[in-house]
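A.B. asks: Attaching a predicted model along with its sequence, questions to come.
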Amino acid sequence: MASSGHPAEQVGLFDESGTGGSLFADLVFPGPVSKSWRYAVPDELAQQISVGKRVVAPFGKGNRNLVGYCVGLTSEPPPVVPKPIRRILDDEPLLSPALLRLTHWLGEYYFCPWGEVLQSVVPRPARLRSGTRERVFLEAVTPSLASGGGAVLTPRQRTVYEWLVRAHQPVEMRECLRQLGASPTVIRNLIRKGYVRVVRQRLPTVLPQVEAEPVGQAVELTPAQSAALAAIETALRSGRFEAFLLFGVTGSGKTEVYLRAIEKVVAAGRQAIVLVPEISLTPQTIERFRSRFQRIAVLHSHLADPERAGFWRQIAAGDADVIIGARSAIFAPTRRLGLIVVDEEHEPSFKQETSPRYHARDVAVKRAQLENIPVVLGSATPSLESWHNVQQGRYTLLTLPSRVQGRPLPPVQIVDMRHENARPGRFRAISPQLEEAIRTALREGGQVILLLNRRGFDTYILCPACGYVVQCRFCSVALTYHRDTDRAVCHYCGYEQPPPARCPQCDLPAIRHYGLGTQKLEAELATLFPDVPARRMDSDVMRRGARYGAVLDAFRRGEVLILFGTQMIAKGLDFPNVTLVGVVNADTALYLPDFRAAERTFQLLAQVAGRTGRGERGGRVLVQTYNPDHPCIRLAATHDFARFAEQELSNRRALGYPPFGRLARLVVRSPQEQIAQEAAQLLAERFRQALRELQQRQPAVAAQILGPAACPIHRLRNLYRYHLLVLTPKPAWRSCLIRQVLEKTSLPDSAELSLDIDPLSVL
Ligand code: ADP
Ligand code: ZN
């Protein structure tokens, strides 16, 4: 876990010259180490080696072969006699010097060993050179005396040799064997006698391609779009770093601004990376880029291995102008990057939730800084981090205040569900107002989107007599009843069991199901609108093979009239015929024990509201809630992001929470509760001690050490979890404290520690 900082060996790390005299290479090995080792480069490899390639080198006492990344070349010998590198693996560097610098920074900032960072940013298929084959060619040469030349050839050898001479170019070995019926022994002997030289070349067998579309007609930019574009162009021309926040309501034409800016970049012979949330990587998004650009590469985790490796190679070779992808695309090995765009920059999916736990938006800003280029972050509901950065003068704000073509934002009506479900009778997911609105929209030929951010049928199973809630066997999480499979399922670890017929605690037969999930909504829609084609879209459906794109296409063609589901449907979709958006329950995230609960709720409401009113027919939004007076629901109803941000930021400021303070979260997990608790306690004490020591040297330093406390999800996958939050006004203080503590503290073997810098979730 501990990162060892800058060891002395790393001097001259990024010096790529290394000419003259003997050459040494600094290698980083994949795995939990940050340190680099200096090796000798044998003369015969000196031409081939370069920074960013992988090599095979002997390691440790047994000198076993390890693959390492060459991160620097130098003529400075190490203090002890270095071992020589054995072999070079890559024809082309997998990482540019700028990317190496970025990964190094990432390791330091997120406390992840450099070797591990390198291994995780280069996709496995690219490392394995998936979709390529090594081809072996034979070339006739005049034998020199030194290489045993002049040896007499057998008639068969002579035939093959003369054939190769006549070819005037290297011939693939397979071809040679096939056409001449020569045996491998003949060829081997020709090589031995110095008449034939072997040339190896790795060539792609798969050339992935995003097909080009006819060029779409260019629209005329609105004045606000023109102003935003002009600012970005000025930055592009100046060749320096600048971060822009493009704040524009849904449908205000942000994507059009990205497209225009990227056109300038491509025209100048440079590349652009466009990051979009995984869920927005729809054919719709890609199509829009296809209609403007010829050479596009797509990078995300659902590609087949050879395709993924192929796109990676194309980017590295400079054969792609625009790279569109989910968060990992920020590590695309572009040669001359000119611009980075992060669309929907507030999206939590940009944060990777396994080590290295990086946030792709933050990495994007860092990469732009390192490459001296502009970066554009776009959103209708910016993260409070980015909004704060604007207020601090670190980012430049560009605003698109209204929708294109003067279309208004849709009016939002709040439905108070406290009255609805207080009436006698059955619980209903859809209030009479919402039902009426759906009927009206359908009658007028419109389509409907309904958001319910909960999967399953019932969200918990409870005994009304003793209060027992059926929980996962491995997690402190209530099981959700799924009616389609008739199972009770844990949404955190996937555990499932048959739903109990009687209460497991008091044996009462009347155990009941409560709460509302998308499957229950499905049943209710089928009752209320039996003849209306409706489709559910949540990760349960999508897992079972119904493709996201296919459902959306059916909706676009009007074959589906009601589209309902989880947050998946809230984002990025552009369907002009959607005249009604209904939020079935606005409160699902509101009372989560997470300081971002209000921010998430606001974002979700604003985003889903943005799915309507995009066409000439206009649109409206109905929001059902049990908290009609909650400020974040009220402000979302008036589309007032600025007011919301102001209020929420003042709450955060009072607590010193992000974006005012910088947060780190340490989670200790163990199968034994006591061990987890004690280890967390020990860590907390070490942090408090480290803080006192630091304050003695630097009295200005301040930090809050919160906890330890049981995590809100106390048990997960059979492990007990305790956490500790470290909150400091300055990021440097946070790093300093963490480094101090990690260097000195070792936890019991049965406890695992994970460290999350700038955590997005504290559950
Ligand atoms: P956003 O990314 O802000 O949601 P888009 O760029 O997707 O907005 O624009 C919304 C719709 O308006 C799209 O269909 C787009 O083609 C169209 N559009 C964008 N800019 C203009 C413009 N200047 N004039 C006319 N239509 C535009
Ligand atoms: Zn579970």
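C.D. replies: Ah, there it is. Numbering: from 1, shown residues only. Ligands and ions are numbered 1, 2, ... in the order given.
A.B. asks: where does residue 147 land on pLDDT?
C.D. replies: With respect to pLDDT, residue 147 scores 55.
A.B. asks: ok, now the one 3 residues further on?
C.D. replies: pLDDT for residue 150: 64.
A.B. asks: got it, and residue 312?
C.D. replies: Looking at residue 312, its pLDDT is 86.
A.B. asks: what's the answer for residue 414, then?
C.D. replies: The model reports residue 414 with a pLDDT of 93.
A.B. asks: Equivalent analysis for residue 557, please.
C.D. replies: Taking residue 557 on its own, its pLDDT is 92.
A.B. asks: Counting neighbours, what do you get for the closest residue in space to residue 383 that isn't next to it in sequence?
C.D. replies: The shortest distance from residue 383 to any non-neighbouring residue, by Cβ to Cβ, 6 or more residues apart in numbering, is to residue 346 (4.2 Å). Every residue, glycine included, has its C-beta placed from N, CA and C. Applying other Cβ atoms under 10 Å, we find 25 other residues in the vicinity of residue 346.
A.B. asks: Wait, residue 346 touches residue 600, no?
C.D. replies: No - applying Cβ atoms under 8 Å as the test, residue 346 and residue 600 come out as separate, 9.3 Å apart.
A.B. asks: what residues are up against residue 462?
C.D. replies: Residue 462 is in contact with 468, 469, 470, 511, 512, 513, 514, counting by Cβ atoms under 8 Å, 6 or more residues apart in numbering.
A.B. asks: and the gap between residue 372 and residue 238?
C.D. replies: Residue 372 sits 9 Å away from residue 238, going by Cβ to Cβ, to the nearest Å.
A.B. asks: shared neighbours of those two, which are they?
C.D. replies: Counting by Cβ under 8 Å, 6+ apart, residue 372 and residue 238 have no contacts in common.
A.B. asks: buried residues in stretch 637-655?
C.D. replies: 637, 639, 641, 644, 645, 648, 649, 652 (16 or more other Cβ atoms under 10 Å).
A.B. asks: Tell me how many other residues surround the residue in the stretch 51-200 of the chain positioned nearest to ligand 2.
C.D. replies: Nearest residue of the stretch 51-200 of the chain to ligand 2: residue 120, at 26.0 Å (Cβ to the ion). Using other Cβ under 10 Å, residue 120 has 20 neighbouring residues.
A.B. asks: That one: what's it in contact with?
C.D. replies: Counted by Cβ under 8 Å, 6+ apart, residue 120 has contacts 355, 356.
A.B. asks: and it, what element?
C.D. replies: helix 114-121 (DSSP states H and E).
A.B. asks: list the helices and strands the helix or strand following that helix packs on?
C.D. replies: Using DSSP H and E, the next helix or strand after helix 114-121 towards the C-terminus is helix 124-127. On a contact count with 3 or more Cβ pairs under 8 Å, 6 or more residues apart in numbering; DSSP states H and E, helix 124-127 meets helix 305-316.
A.B. asks: Pairing partners for the helix or strand following the helix it packs on, with directions?
C.D. replies: Going down the chain from helix 305-316, the next helix or strand is strand 322-325, by DSSP H and E. As defined by DSSP bridges, the strand partners of strand 322-325 come to strand 271-275 (parallel), strand 296-299 (parallel).
A.B. asks: Rounded mean pLDDT for strand 322-325, please.
C.D. replies: The model assigns strand 322-325 a mean pLDDT of 94.
A.B. asks: Stretch 202-215 too?
C.D. replies: Averaging pLDDT along stretch 202-215 yields 64.
A.B. asks: now do stretch 26-37
C.D. replies: 88.
A.B. asks: so how far is the first residue of that stretch from its last?
C.D. replies: 5 Å (Cα to Cα, to the nearest Å).
A.B. asks: do the same with stretch 168-177
C.D. replies: End-to-end for stretch 168-177, by Cα to Cα: 17 Å.
A.B. asks: Please enumerate residues in contact with it?
C.D. replies: 135-139, 160, 163-164, 182-184, 187, 198-199.
A.B. asks: Report the buried members of those residues.
C.D. replies: Buried by 16+ other Cβ under 10 Å: 135, 137, 138, 160, 163, 164, 182, 187, out of the contacts of stretch 168-177.
A.B. asks: OK, contacts around residue 603?
C.D. replies: Per Cβ under 8 Å, 6+ apart, neighbours of residue 603: 346, 381.
A.B. asks: what about residue 162, how many neighbours?
C.D. replies: Using other Cβ under 10 Å, residue 162 has 12 other residues around it.
A.B. asks: What strand or helix carries it?
C.D. replies: helix 155-167.
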